[in-house]
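Colleague: Got a predicted model here, sequence first, then my questions.
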Amino acid sequence: MSAISIACRRAVVTSKVPAVARCLLRPLSLLSSTVITTESKQQQASHHFLDRCNSSQRLFSAAIDESSPFNGASSSVFDRNPDASNSHDVEKTSSDLLSPALPPLTSEEYNPKFISEQIHKMAGYNQGRKIGQAHSNIKNRKRFERKWDFESVRLALDDYERHLQYVLDHLQRGSSNHSTDAKDLFANIHPSKDKCFETHRLLSSSTVSKAARALTRSRMDTPLLSRRIRDMERLVGKIGWTPITEELSYRLLEANGKAGNVRRTLALLELRRSRGYPPREQENGKYKGANLHISPGEKEFLHAITSIQSAQLPLRRSRNIYLHESTFSESALDNPTRYLDAILINMSKRGVSLRPEMAARMLDCYASTGRTGRAIHYFYKVRRDPVEDDGTYIPGPHPTHLGKDGLEDWKTSKRGEGVARALTTNTSENTSKGLDDDASKEGELGLNVLDEDEDEKQSGMPTQSNRRTKIRMAMQPLPPFHKIPSSVKGVPLIRNRYQPIPNEGPSKATGTRSDEIQNKTMTKYEWELDRDWSLALTAAFAFADSLTHGACGHDPIELDVVGWNILIKACCRRGAIHRALKILNETMPQKGIEPDTYSYNTVLAALARVGDTRYLQEYLIGMTNKGIRVDKYTAQAMVDGFLNVGDIQGATSLVQDIFNQHDTLPPYTSHLKIIEFALANGLIFEAKRHVYFIQQLWKWQPSQHHNQAFCQLMEETKSNPKLSKEALLKLFHYFGEDLSEQDFF
């Protein structure tokens, strides 16, 4: 690794991480006792948790070591208090560890043999995969699939947790018994001797590992899964009779990885390394067809990478675009460099080489944190205008501030000007009884009305405050010119004034004042290269550069097209579109890598979010000139870009041109989006024009020039219920417009 790369990574990563985390940037010779969890603490955990027969005291009366996978320490971004001390978990009573939704288990319900069998069954439950021999016939494939009943998995896990709580309560009641023999401790847990004996099976490593695997198949939301796996670990750890085996450590690693418990996952990786467990291979050759990209020994490290991306879920779901990324806490994992370094070090110590495919998966952690405010713009707002009792609609915002009399005068004047118009109504459905019954149901703009038929008594229009409303779209001003790449290009700009330099005095290094730096002119590309543009983006490129020079004991590698695509994606998510275009147009060709469809689609989607229709058309032409395939996501990005700037006619024409020239269609949601935009902006004939195009798709017939993939796409489009005649009629009625039989051929 070059000295510049090392200095850049240290400047990026160590600026806002604690001293313990900075140890990951030290030479490998100094990392033997500082990587996430120490060797000495691992051995202490082994004494308290793993070699139970050699311990002189039960676990629930012993101090919980923070390095053990069964401790009560928080390690998830979903924790309410991620910095809480481990002592708080030691002081918790047994009732605090049980979820409030799970009632305590009674003695009559205690059945460890049955629940153990259920856990083993749920851990091996089919998840929709084919069973039996493979069949190429799609029509007969369903005969060899089983339904994934995740509710049964959840019920079994709930019962298992209740059984663990029952055992813990028994041990706490008999805390005066200092025996270390499990036979004596569980002899009186239940009047039935068989159930007392089966308690050993309930606490065995095999059952706990099956329970951890069943958690990954329960389809729980990530925050709930994070809490459930840690609750189960706390219960098993407080009971203290379950040794950690190779299988159990791997299943805990898998479950914590999916749940987003990053520190717990890395602690388990270090535990497996210290015990000499070999890296996991693909299991018994099963389902290798779907995992050909996994090389020997990489599977458990992929779980560690998944834990980072799962922990970044809150940023992807609800990132506050109005806040700068420097305001996010470290637990948000907006910059995951130190955790990726820990994974690389563990891979190096266990003899797993780094491949470009694995490097791309790591780089994807920088592009999994959602879009910042620089990458998006709000182009429109959805308004609801009331519809009069007689079905008359007056467009535009109603001046309610004038009072009741003033509002009536305004309506009278608008009627006199001929602005008001009568909306279409369905007399067979629009009855007063129907309006009264469903008046409390508030309509929403979207496709929900196409999914459910709960409002059959309504006229099809949304209601609010016991009145029908007309959906209207109010277009917002376009983005500022510095957000649109085609408007900026190489024009010099003043440094961003929205982020003032904290130091008001002269710089010690250069002697320049902050106001001089603030008023420095630079191009948009130079601005995006600046460290203050995005700390995480700078870390992503520094991390990628370190991989090409050899990082954390690995040999140098060269990024492939997937790795560069991930960097393009990270730039687009942070609003650095000029930097992404530089990679697409110059960096990749210089390295002998040809951009593919994904490269262009990522850039086109970013351009669409800022409404740069000029560059959208230029790069679409560039794709076709280079012979790069245009797919449905290309068409979707083009449609979104034109709709964002209000060019509904251009979006409709573009879909038709792409269909005629490239034999592809956007997703069905793009068709509905075009119609919704047209109706919400009062362009009724433009909406009917696209309906006419959809009817042409219904009449389409294959020929010898069409390939099988395109024929399948057309059949799926023609049979899509969301694009059927009934769905289109319902969508028009939702906006209060009429789509008669004369509009169909």
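Modeller: Structure received. Residues are numbered from 1 along each chain as shown.

Colleague: Surely P356 touches W564?
Modeller: No - the pair P356 / W564 is not scored as a contact, 10.1 Å apart, by CB atoms under 8 Å. Every residue, glycine included, has its C-beta placed from N, CA and C.

Colleague: Which of those two has more residues huddled nearby?
Modeller: The residue with more neighbours, out of P356 and W564, is W564; 22 against 15, by other CB atoms under 10 Å.

Colleague: helix, strand or coil for that one?
Modeller: helix (DSSP: H, G, I helix; E, B strand; the rest coil).

Colleague: show me the contacts for it.
Modeller: Neighbour list for W564: 583, 587-588, 591, 593, 599 [criterion: CB atoms under 8 Å, 6 or more residues apart in numbering].

Colleague: Please report how far it lies from G650.
Modeller: 31 Å (CB to CB, to the nearest Å).

Colleague: for W533, same thing?
Modeller: 32 Å.

Colleague: Give me the more crowded residue out of those two.
Modeller: W533 (20 against 17).

Colleague: which SS state does the more buried one fall under?
Modeller: coil.

Colleague: Tell me the spacing between it and L607.
Modeller: Applying CB to CB, the value for W533 to L607 is 18 Å.

Colleague: Pull out the buried residues from the contacts of W564.
Modeller: Neighbour counting with 16 or more other CB atoms under 10 Å marks 583, 588, 593, 599 as buried within these.

Colleague: Strands of the stretch 501-650 of the chain, residue ranges please.
Modeller: Listed in chain order, the strands of the stretch 501-650 of the chain (DSSP state E, counting those that start in this stretch) span 521-522.

Colleague: Also the chain?
Modeller: For the chain, applying DSSP state E gives strands covering 380-386, 392-393, 421-422, 463-464, 467-475, 493-494, 521-522.

Colleague: want to try CSV for those, with mean pLDDT and distance to N111 as columns?
Modeller: Shown next, in CSV, are the strands of the chain (pLDDT from 0 to 100; distance: least, CB to CB, whole Å):
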stretch, mean pLDDT, distance to N111
strand 380-386, 86, 54
strand 392-393, 80, 65
strand 421-422, 76, 68
strand 463-464, 74, 52
strand 467-475, 84, 56
strand 493-494, 68, 71
strand 521-522, 76, 71
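
Colleague: Make CSV from the ones you listed and add distance to T372 and mean neighbour count to it.
Modeller: Output for the strands of the chain, formatted as CSV (distance: least, CB to CB, whole Å; neighbours: other CB atoms under 10 Å):
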stretch, distance to T372, mean neighbour count
strand 380-386, 20, 14
strand 392-393, 39, 16
strand 421-422, 42, 12
strand 463-464, 33, 17
strand 467-475, 23, 18
strand 493-494, 18, 14
strand 521-522, 20, 13
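
Colleague: And the ones you listed: which comes nearest Q696?
Modeller: Nearest to Q696, of all the strands of the chain, is strand 467-475, at 26.4 Å by CB to CB.

Colleague: before we move on, the earlier item: and of the strands of the chain, who's closest to T548?
Modeller: strand 521-522 (26.7 Å).

Colleague: Counting by contacts, list what that closest one packs against.
Modeller: With contacts taken as 3 or more CB pairs under 8 Å, 6 or more residues apart in numbering; DSSP states H and E, strand 521-522 sits against strand 493-494.

Colleague: got a list of what the closest residue to M473 other than its chain neighbours touches?
Modeller: Excluding the flanking residues, the one nearest M473 by CB to CB, 6 or more residues apart in numbering is A680, at 3.7 Å. Going by CB under 8 Å, 6+ apart, A680 touches 382, 445, 471-473, 735.

Colleague: Next, find the distance separating A680 from Q695.
Modeller: 22 Å.

Colleague: Repeat that for G553.
Modeller: 62 Å.

Colleague: repeat for V167
Modeller: Plainly put, V167 is 66 Å away from Q695 if you go by CB to CB.

Colleague: quick one, which of these two is more surrounded?
Modeller: V167 (24 against 15).

Colleague: in the chain, which helix or strand is least confident?
Modeller: When the helices and strands of the chain are scored by mean pLDDT, DSSP states H and E, helix 19-22 comes last with a mean of 28.

Colleague: shaky segments in the stretch 151-300 of the chain?
Modeller: Low-confidence regions of the stretch 151-300 of the chain, defined here as pLDDT under 70, cover residues 175-185, 282-293.

Colleague: whoops, I mixed them up, the chain
Modeller: Checking the chain against pLDDT under 70 turns up 1-100, 125-147, 175-185, 282-293, 329-332, 424-459, 465, 494-520.

Colleague: so which of the contacts of A680 comes closest to W700?
Modeller: Proximity of the contacts of A680 to W700 (CB to CB) peaks at F735, which lies at 27.2 Å.

Colleague: surely the closest one meets T469?
Modeller: No - applying CB under 8 Å, one finds F735 not in contact with T469, separated by 10.5 Å.

Colleague: Contacts made by stretch 708-728 with the rest, please.
Modeller: Under CB under 8 Å, 6+ apart, the answer for stretch 708-728 is 447, 450, 632, 663-665, 668, 671-672, 675, 691, 694, 697-698, 700, 702, 706, 739, 744.

Colleague: in that stretch, what counts as buried?
Modeller: For stretch 708-728, the neighbour count (16+ other CB under 10 Å) marks 713-714, 717, 723, 727-728 as buried.

Colleague: Narrow those residues to those in helices?
Modeller: Judged by DSSP state H, the buried residues of stretch 708-728 include 713-714, 717, 727-728 as members of helices.

Colleague: Now render those residues as JSON lines, adding distance to H482.
Modeller: Formatted as JSON lines, those follow (distance: CB to CB, whole Å):
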{"residue": "L713", "distance to H482": "39"}
{"residue": "M714", "distance to H482": "42"}
{"residue": "T717", "distance to H482": "39"}
{"residue": "A727", "distance to H482": "41"}
{"residue": "L728", "distance to H482": "41"}
